[in-house]
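Visitor: only geometry, no sequence info:
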């Protein structure tokens, strides 16, 4: 077995473990939760109102359904999602009282579902029906087929084979040092080095972007230069939010860009860059509308014929249907022509990895792939768009959030290690951005020492910005009796008394700094939930206050960050506070003031937390919680 075949087969086996665990967890959660609980998180709509039923393509039954409640819960039902329509009548315990389907259209509070049955079940018109979102294997199936592609030899181009061999360490990365394009004057020195590395790379380069160092700015300048060279560029990130940020920044730089993806997953300000929007505003789109209109007229004419028609009428109906189908075919052909016209006009395409394989650009090839958020993306996901390019630029930070892996077994077997992290030891392909534009120096120094070999430097514009002298603080709850409580397995941990202390401190900050943006972060979801409830109960409301988990704060920043560590126990167990990369993210969200609240007695076994406490003491920021307890 070749090295590549063995590598990708191993990766495929591990991914299957993760897929099965993910499906198992999803189905278990679905079965344990009541309809109301599922409604609250958005994966169930109930009750449903059927607006219409009709037979669509291949005589498949479609139903248009609408919800008339829970408008504050986002619509998470997207085109292509698999769903289950169910009956909630008391007598409905039979397996007959549900039917599976696929969403073909979604928008606002309405979706269209293609049912996996030729006719509507009897109970569908009885009322009391709902819809569950089912576990969708589509992303996994795309990753698995991608790994098969890379593990074989058939279909691989010469460029693909070389790129694969470089990434797997079979060949050395190559750089064209003769590439001589004007260096963007807007970049700082470390950004210029990263820009140059990316431009000169023939196969792969890495932009290592610690917090606040201008990674997106650097990516946009790289895209601009590649476009000026005449290249087609594919820009990907694993989250739609990150793709939207990149799309907007690229467009604002004056670079023509087309955004691919489901419009319901794209921010309103980015819809103007969508393929669909650019096609419908094309000068020749009127012809598509005219052809479709004429096709519909012919279909209506054909449908006016009665069922019991004679031979002549049958022939006439047949001819009318043939013309209708011909017109619809012409409309589809012209629509595809316009799509290709838009894609060619825009040298830059942005999308998530799975969307890069959709039919609009399924066979298209690009010169360069820029993959952002690569440090928190599953490796098999990265290999999807790599199929389409000669060169890859990975951007991200392996010292911030890692890929999300639900199976412990898959994580132990290496799935939790991103492709970016695997390649970081190859020094020749990577450049680190070293000047950060977010944090006061006192906030920056500890993560710089602990994670970045003390290489980070605060830009002059931020190094001294502050709200008061107490830039970094650690408030120690040791000795107060603030004990954590286990509310539910596996991670149902909260510390109400510590949360109440957070709120006390928050109130004083809100009173003193009325216009400052504030973030409250905790690694534990139950702590976040309790804090949100208390904010409402105590009428502490402000658009400047955001309460989120560490993962929810990725990519954001606030003037003031308050971190609630929660853990306080006699066994000195700190659970997933051991994941220091998440703490790196939490700490580095703060611009001008950082307050960390925790129990030093519980945390003392960790060199990281002990070191942080010592660092804060050096800056006169250590306080006992007793100072805040009346």
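Guide: It's in. Quick caveat: nothing in here was measured; it's all calculated off a predicted structure.
Visitor: only C-alpha atoms from now on, for both contacts and neighbour counts.
Guide: OK.
Visitor: so the closest residue to residue 548 other than its chain neighbours, which of the three states?
Guide: Spatial nearest neighbour of residue 548, excluding adjacent residues (Cα to Cα, 6 or more residues apart in numbering): residue 521 at 5.4 Å. Assigned with DSSP: H, G, I helix; E, B strand; the rest coil, residue 521 falls in the strand class.
Visitor: what about the helix or strand residue 25 falls within, distance to the chain center?
Guide: Using DSSP states H and E, residue 25 maps to helix 3-32. Helix 3-32 has its C-alpha centroid displaced from the chain centroid by 19 Å (Cα atoms, centre = their mean, to the nearest Å).
Visitor: quick one: contacts for the residue positioned nearest the centre of the chain?
Guide: Geometric centre of the chain, nearest residue: residue 239, 2.0 Å, by Cα atoms, centre = their mean. Neighbour list for residue 239: residue 352 [criterion: Cα atoms under 8 Å, 6 or more residues apart in numbering].
Visitor: and what of the one 10 residues further on?
Guide: Each residue near residue 249 by Cα under 8 Å, 6+ apart is listed here: residue 220.
Visitor: show the model's pLDDT score for it.
Guide: Looking at residue 249, its pLDDT reads 97.
Visitor: ok so residue 205 is a strand residue?
Guide: Yes: assessed by three-state DSSP, residue 205 belongs to a strand.
Visitor: any chance you could map the helices in the stretch 451-600 of the chain?
Guide: Assigned by DSSP state H, counting those that start in this stretch, the stretch 451-600 of the chain shows helices spanning 496-512, 525-537, 580-587, 600-603.
Visitor: pick the most buried one from those.
Guide: helix 580-587 (a mean of 22; mean count of other Cα atoms under 10 Å).
Visitor: for that helix, which helices and strands make contact with it?
Guide: Contact here means 3 or more Cα pairs under 8 Å, 6 or more residues apart in numbering; DSSP states H and E; on that basis helix 580-587 packs against helix 441-451, strand 558-564.
Visitor: residue 389 contacts residue 160, correct?
Guide: Yes: with contacts counted by Cα atoms under 8 Å, residue 389 reaches residue 160, the gap being 7.5 Å.
Visitor: for stretch 561-574, which outside residues touch it?
Guide: Contacts of stretch 561-574 (Cα under 8 Å, 6+ apart): 482-484, 493-495, 498-499, 502, 518-524, 527, 577, 586-587, 589-590, 593-599, 601-605.
Visitor: please identify the buried residues of it?
Guide: 561, 562, 563, 564, 565, 566, 567, 568, 569, 572, 574 (16 or more other Cα atoms under 10 Å).
Visitor: the fifth one and residue 495, how far apart?
Guide: In this case it means residue 565. Distance, residue 565 to residue 495, using Cα to Cα, to the nearest Å: 9 Å.
Visitor: tell me which of the helices and strands packed on helix 580-587 is the most buried.
Guide: Using mean count of other Cα under 10 Å, strand 558-564 ranks as the most buried of those, with a mean of 24.
Visitor: picking up where we left off before, and the helices of the stretch 451-600 of the chain: which comes nearest residue 99?
Guide: helix 525-537 (33.9 Å; Cα to Cα).
Visitor: about what we covered before: for the residue nearest to residue 548, grab the count of nearby residues.
Guide: Per other Cα atoms under 10 Å, the neighbour tally for residue 521 reads 27.
Visitor: same thing with residue 247?
Guide: Counted with other Cα under 10 Å, residue 247 comes out at 26.
Visitor: without its sequence neighbours, what residue ends up closest to it?
Guide: residue 350 (6.5 Å).
Visitor: surely residue 446 meets residue 616?
Guide: No: in this structure, residue 446 is not within contact of residue 616 by Cα under 8 Å, at 9.1 Å.
Visitor: picking up where we left off before, so the residue nearest to residue 247 lies in a strand, does it not?
Guide: Yes: counting by three-state DSSP, residue 350 is part of a strand.
Visitor: dump the residue contacts of it.
Guide: 234, 235, 236, 243, 246, 247, 257, 258, 259, 260.
Visitor: OK, contacts around the last one?
Guide: What that stands for is residue 260. 274, 275, 349, 350, 351, 355.
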